[in-house]
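>>> After the sequence you'll find the predicted model.
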Amino acid sequence: MSVLRVAILDDYQGAGLKFADWSPIAQKVSIDVFSDTIADEDLLVKRLAEYDIICAMRERTKFPASLMDRLPKLRLIATTGAVNRAIDTKHAKKKGITVSGTEGGSASTLEHIWALLLATVRHIAIEDANIKAKNPQWQTVVPSGLAGKTLGLIGLGRLGTQTAKLAKVFDMRVIGWSPHLTPERAAEAGVEFAATKAELFKESDIVSLHIVLSESTRHIIKADDLALMKPTAYFINTSRGPLVDENALLAVLKAKSIKGAGLDVFEQEPLPLDHPLRDLDNVTLSPHNGYANDTSYKVGEAPCWKQSVYGRN
């Protein structure tokens, strides 16, 4: 039997070989790990043309039909997560390429939502940098409290509902809106129903996104929405970067029309080194880390690693 070539893509943290036990198939596969992300299709074809199996980390590398048509040896795409919208699974099925995913739990993402939210409103990154810079001024920013404040959730699916439950622990008022949210569904989640997106942006002290990216939700958050926010409000995005008009968000942050933002996701990832978001002092950034933690990476030890196949031939 010939040895199958396996490519592990976008492994920024070196997790692919560390957290998975490859020993049962060590004699059957040859594994290469790539820690960078390539967007250019020609360069991707050059890199991946000889591989039988590709392990995709989340949605970092896109697999449209045009790319799969140029990878004649490809037989299997394995991806973290139950759904990967960067893979054209219908075309994979036509090509006889199996796409295998994992049933995902949301614990890691929920933890990260609150870690980022709290770090943002309490200015943890700013004060951390201040202390490490040996600034003799011991405190530089007054943190924002949560009790009695209003958290506005765009989307009340699983993560939105879980986020709402934790907000109640902090004695926050929670309101919700999405294009298809009803008063009944909001009530079931223990959340006040915002009749319009504008109402949610006007009333919220913190706005947090929890909706799926699709053609209908791309840039669902626009300049007009952000203009409605209080000057003391914060904007949190741990869902997907393209949900927001990034230029509009940059504009309000540069003008300091809102207090700040916490962002885990971006229009382009990895975030370019010269991106203006990297230069702002009122934004807390994390590198799309919401899904990642040591438990979710350990194959066989966490519920999120139960295998599912959604591109089976």
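The structure has been received and is ready for your questions.
>>> on contacts alone, who are the packing partners of the host helix or strand of E184?
Per DSSP states H and E, E184 falls inside helix 183-188. Packing contacts for helix 183-188, counted by 3 or more CB pairs under 8 Å, 6 or more residues apart in numbering; DSSP states H and E, involve strand 192-193. C-betas here are computed from N, CA, C, even on glycine.
>>> ok, the residue nearest to V283 when sequence neighbours are not counted - contacts?
Distance criterion CB to CB, 6 or more residues apart in numbering; nearest residue to V283, sequence neighbours excluded, is A261 at 4.8 Å. By CB atoms under 8 Å, 6 or more residues apart in numbering, the contact list for A261 reads T120, Y234, F235, I236, N237, L249, L253, N282, V283, T284.
>>> Kindly report the same for T161.
Per CB under 8 Å, 6+ apart, neighbours of T161: A189, V191.
>>> Please identify the buried residues of the helix or strand encompassing it?
If you go by DSSP H and E, T161 is part of helix 158-169. Neighbour counts over helix 158-169 (16 or more other CB atoms under 10 Å) mark L159, G160, T161, Q162, T163, A164, L166, A167 as buried.
>>> So which residues of the stretch 201-313 of the chain form helices?
For the stretch 201-313 of the chain, helices defined by DSSP state H, counting those that start in this stretch occupy the ranges 223-226, 246-254, 294-297.
>>> Serialize these to JSON lines and add fields for distance to A26.
Converted to JSON lines, these look like this (distance: least, CB to CB, whole Å):
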{"stretch": "helix 223-226", "distance to A26": "52"}
{"stretch": "helix 246-254", "distance to A26": "43"}
{"stretch": "helix 294-297", "distance to A26": "19"}
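>>> Out of those, flag the one nearest I131.
helix 246-254 (23.8 Å; CB to CB).
>>> Could I get the average pLDDT for that closest one?
Taken as a whole, helix 246-254 has a mean pLDDT of 98.
>>> which secondary structure elements does that helix contact?
Short answer (3+ CB pairs under 8 Å, 6+ apart): helix 246-254 packs on helix 223-226, strand 260-263.
>>> Pick the most buried one from these.
Stretch with highest mean neighbour count among these: strand 260-263 (a mean of 24; mean count of other CB atoms under 10 Å).
>>> Give the pairing partners of it; include direction for each.
With DSSP bridges as the test, strand 260-263 is paired with strand 234-237 (parallel), strand 283-285 (parallel).
>>> For the first one, list the C-alpha coordinates in PDB.
Think strand 234-237. Backbone C-alpha positions of strand 234-237 (Å, rounded to 0.1, in the frame of the first residue of the first chain) are rendered in PDB as follows:
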ATOM      1  CA  TYR A 234     -18.500  48.900  23.600                       C
ATOM      2  CA  PHE A 235     -18.700  46.700  20.500                       C
ATOM      3  CA  ILE A 236     -17.800  43.000  20.700                       C
ATOM      4  CA  ASN A 237     -17.400  40.600  17.800                       C
END
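>>> what does it contact?
Under CB under 8 Å, 6+ apart, the answer for strand 234-237 is 113, 116-117, 120-121, 144, 205-209, 226, 229, 243-244, 249, 258-265.
>>> Bridged to the residue nearest to V283, which residues?
F235, V283.
>>> What of I8?
Note on I8: beta-bridge partners by DSSP bridges are V33, C55.
>>> Pop the domain breakdown of this protein in here.
Here the domain assignment for the chain is 4-103+294-309, 107-281, based on automatic domain parsing.
>>> Which of those sits closest to H288?
For H288, the closest of these is domain 107-281, at 5.5 Å, according to CB to CB.
>>> surely R173 meets L146?
No: at 10.4 Å, R173 does not count as touching L146 under the criterion of CB atoms under 8 Å.
>>> gap between G148 and M172?
For G148, the distance to M172 equals 7 Å [CB to CB, to the nearest Å].
>>> which one of those two has more residues nearby?
M172 (18 against 10; other CB atoms under 10 Å).
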